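**Student:** need a 3D model of the following:
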Amino acid sequence: MSLKRLAAHVAEVSGWWKECLLHIELDFAKWVYTPKVINSTKEIVALHDDLIEKARVILSEVNDEEFFKPWTMRTGDEIYFTMPKEAVVRTFCLNHLYHHRGQLTVYLRLLNIPFPGMYGPSADFPSM
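**Tutor:** Numbering: from 1, shown residues only. Presented below is the predicted three-dimensional model:
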């Protein structure tokens, strides 16, 4: 994945909360993915911020019982998995985000682009 595509993907993952909490499944046979065309860092940040705000609203409105309901990922009749939504948001939303965010930091580090720490100070910004 190119740096540009990876950065856009990291932003897009925040939009998955809607699919995972407000629906009972994701059927790739019924869903056409069209990557959002991003042309600047400003656009990536705007996409991320918009999706984070939408996720925040969903999380504030969904009731706790929703997390225990089953959710399925499939392509037509082929089922990849069915898990409680609490496990789906942990793996599909959060862990997937962490994974690609880690990849993104490697790209940035290899390009000598400074970035702040995610869990405290970084070598680039030690006083944070």
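**Student:** avg pLDDT for stretch 97-109?
**Tutor:** The average pLDDT within stretch 97-109 is 91.
**Student:** mind listing what's buried along that stretch?
**Tutor:** Within stretch 97-109, the residues that count as buried by 16 or more other C-beta atoms under 10 Å are 97, 100, 104. All C-beta atoms are positioned from the backbone trio N, CA, C, and that covers glycine.
**Student:** how about the helices in the chain?
**Tutor:** Counting by DSSP state H, residue ranges of the helices within the chain are 3-13, 16-22, 41-61, 85-88, 96-110.
**Student:** quick one: neighbours of the closest residue to residue 59 other than its chain neighbours, just the number.
**Tutor:** Nearest non-adjacent residue to residue 59, counting by C-beta to C-beta, 6 or more residues apart in numbering: residue 17, 6.8 Å away. Using other C-beta atoms under 10 Å, residue 17 has 22 other residues around it.
**Student:** residue 27 pairs with what?
**Tutor:** When assigned by DSSP bridges, residue 27 has beta-bridge partners residue 74.
**Student:** now it: how far from residue 108?
**Tutor:** Distance of residue 27 to residue 108, computed by C-beta to C-beta, to the nearest Å: 35 Å.
**Student:** and what of residue 98?
**Tutor:** Counting by C-beta to C-beta, the gap from residue 98 to residue 108 is 16 Å.
**Student:** for the protein, what are the low-confidence residue spans?
**Tutor:** For the chain, applying pLDDT under 70 flags the ranges 128.
**Student:** repeat the analysis, applying 80 as the threshold.
**Tutor:** Where the chain drops to pLDDT under 80, the residues are 116-118, 126-128.
**Student:** center of it, which residue is that?
**Tutor:** Nearest residue to the geometric centre of the chain (C-alpha atoms, centre = their mean): residue 13, 1.9 Å.
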